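Asks: Kindly return the folded structure for what I paste below:
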Amino acid sequence: VDLGNNENWIFDQQDDDTYYWIGGTGNWGDWQHWSNSSGGPPLAQECIPREIVSVVFDNNSFEQFYDTVFVDVSNAYCKNMWWKFDTSNYSPCFISSDSSSLFVYGSMMLKEALRYEFKGEVYFDQYNEPGNLPDTLYSRGAVFLNDVYFQGQGDAIILDDSMSHSVPERCILHHLYGDFSLNGKKLITGGFHSSINSERMINMNNAIVTVNYTSGRALWLEGENLDLHSENCTLINNSMGGSIVLMNGGFFSFDNIIISGDGDSLLNKNNNISYGLIKMNGEANLVTGTFNADSILIRGDYCAISKYGNINVVIFDGANGSIYDNQKIKRCFFNKPGKVSGQNEINYCVFIDDGTFLGHNVFDTLVLYPGQGNTTNQGNWFYFQVDSVQTINDSLYMRGNQCSNMNIATFPPYSSIPAYIRKDHGNDVSCDFLNIYNVGAVSSGGLNFYAGSNSTPLPDPNNPPPGWIFENAQGYIPGFNGRTERFC
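Replies: Residues are numbered from 1 along each chain as shown. Below you'll find the model as predicted:
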């Protein structure tokens, strides 16, 4: 059989032979269960299927409702595999141990009533044949129980319906060579790896791909020599500590990515990636790399964005979310306690709850809410790293109220080394009802920082932090300033 990469050989192979299963329950390796015709006598050649032979299981193959086809050989081969029995009359079992492998060199059509219990690996391969057509996989609800390999050079495989892998067995779909079209169907698998730099094509348009591989690379795409189509595709990472890894290559885009398992992550490296919507629903999820994204919605706690993102909107609904390194973000909303760390640039940033600022970050507009005061009228806490500067280009809204004094403190807390807030352009800063713990204010443009007459420098009221004027700004109007989440 010509499996490719052969020169100066002449192959006298007979193509399109078909063997029919006969005799009900039996072993794949028993030639007496194979015939040249449906319900016919055993093969006169006394042989079993090979790579160029299609196999058929039809109504004349079985004698009892629950007959079994047991693969007893190390390697079973066929071109096409067709299960065509009447589901009202038979529900056969296709079974093997995990030491057997199945090699399919064409299409595979399973059946709804088939009890698929083949526990070995399945290889979809290719041999050189004239007029080669794409091969089709008809799963019909069967769940593959071991790794599956698409490894035919020059092969093309299309899903006719959704394909599922056994999640508890941590099975992986390996795409090594050729073209793979999901045909807009669902792929549910432990892992999906297209991780070698051979020439490959993957068509994910309108498909939903769910990976569940625990602790490892759940979805791994090597971008070099990969022709990827992913319009309106949804990737779902439902692992526990598993990663979506997009490595190398040119430009790739994904419209929807959902990260659901605790500790799951999304990583890209050495390519140009554009994301539409990313949802982070698990705890301790991470999005990292160099990427563009329209929106990132974070519902899980302890989630983070790191490296070099260019993002339109980020919304943190989970607690203790973090922005690290060098993000460029147009609009960012922290609805629970959060952190901005590194050298990030954010056009418009809002903190509804407590916040921490580490490194040297730049904001066009920074809005800090006082939150709900406790029994001593203490509201939100905002910590600023010592020896670091948070720069405001346009507007700083930082004002407590009669029921909720806002706390502005150093990080680490109560440090003798000051932290700084900087604003060089625009209007003076007007605040009130602040407790300021050694966080100074600086301006090269001569702007004034009014802490307000109801604010207190701490820990020593007689030694205020530098740059603040503990008086009300001109035109100050007492009362709520409209940026309060809750009233008394």
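Asks: any idea where the helices of this protein begin and end?
Replies: For the chain, no helices are identified by DSSP state H.
Asks: Okay, now the unreliable bits of it?
Replies: For the chain, applying pLDDT under 70 flags the ranges 1-15, 128-132, 479-488.
Asks: Look up how far Asn312 lies from Ala44.
Replies: Note on Ala44: its distance to Asn312, by CB to CB, to the nearest Å, is 70 Å. All C-beta spots, glycine's among them, are computed from the backbone N, C-alpha and C.
Asks: Name the residue in the two with the higher neighbour count.
Replies: The neighbour comparison of Ala44 against Asn312 (other CB atoms under 10 Å) goes to Asn312, with 13 against 9.
Asks: I figured Phe150 hits Ser181, correct?
Replies: No. Assessed by CB atoms under 8 Å, Phe150 is found out of contact with Ser181, at 10.9 Å.
Asks: Return every residue with contacts to both of those two.
Replies: Common contacts of Phe150 and Ser181 (CB atoms under 8 Å, 6 or more residues apart in numbering): Ile157.
Asks: who's more crowded, those two?
Replies: Set Phe150 next to Ser181 and count neighbours by other CB under 10 Å: Phe150 wins out with 25 against 19.
Asks: Which parts of stretch 325-338 count as buried, going by neighbours?
Replies: Neighbour-count burial for stretch 325-338, with 16 or more other CB atoms under 10 Å as criterion, is recorded at Asp325, Asn326, Gln327, Ile329, Arg331, Cys332, Phe333, Phe334, Asn335, Lys336, Pro337, Gly338.
Asks: So for that stretch, first residue to last residue, what's the gap.
Replies: Stretch 325-338 has an end-to-end distance of 15 Å (criterion: CA to CA, to the nearest Å).
Asks: all strands of the stretch 351-488 of the chain, in order?
Replies: 355-359, 362-368, 378-385, 389-398, 405-411, 419-423, 429-430, 434-437, 439-442, 449-450, 456-458, 468-469 (DSSP state E, counting those that start in this stretch).
Asks: Now tabulate the ones you listed in JSON lines and tack on mean neighbour count and distance to Ser162.
Replies: Shown next, in JSON lines, are the strands of the stretch 351-488 of the chain (neighbours: other CB atoms under 10 Å; distance: least, CB to CB, whole Å):
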{"stretch": "strand 355-359", "mean neighbour count": "20", "distance to Ser162": "44"}
{"stretch": "strand 362-368", "mean neighbour count": "21", "distance to Ser162": "46"}
{"stretch": "strand 378-385", "mean neighbour count": "22", "distance to Ser162": "48"}
{"stretch": "strand 389-398", "mean neighbour count": "19", "distance to Ser162": "50"}
{"stretch": "strand 405-411", "mean neighbour count": "22", "distance to Ser162": "50"}
{"stretch": "strand 419-423", "mean neighbour count": "23", "distance to Ser162": "54"}
{"stretch": "strand 429-430", "mean neighbour count": "22", "distance to Ser162": "58"}
{"stretch": "strand 434-437", "mean neighbour count": "24", "distance to Ser162": "57"}
{"stretch": "strand 439-442", "mean neighbour count": "21", "distance to Ser162": "56"}
{"stretch": "strand 449-450", "mean neighbour count": "22", "distance to Ser162": "60"}
{"stretch": "strand 456-458", "mean neighbour count": "18", "distance to Ser162": "61"}
{"stretch": "strand 468-469", "mean neighbour count": "20", "distance to Ser162": "63"}
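Asks: Many thanks, I have nothing further to ask.
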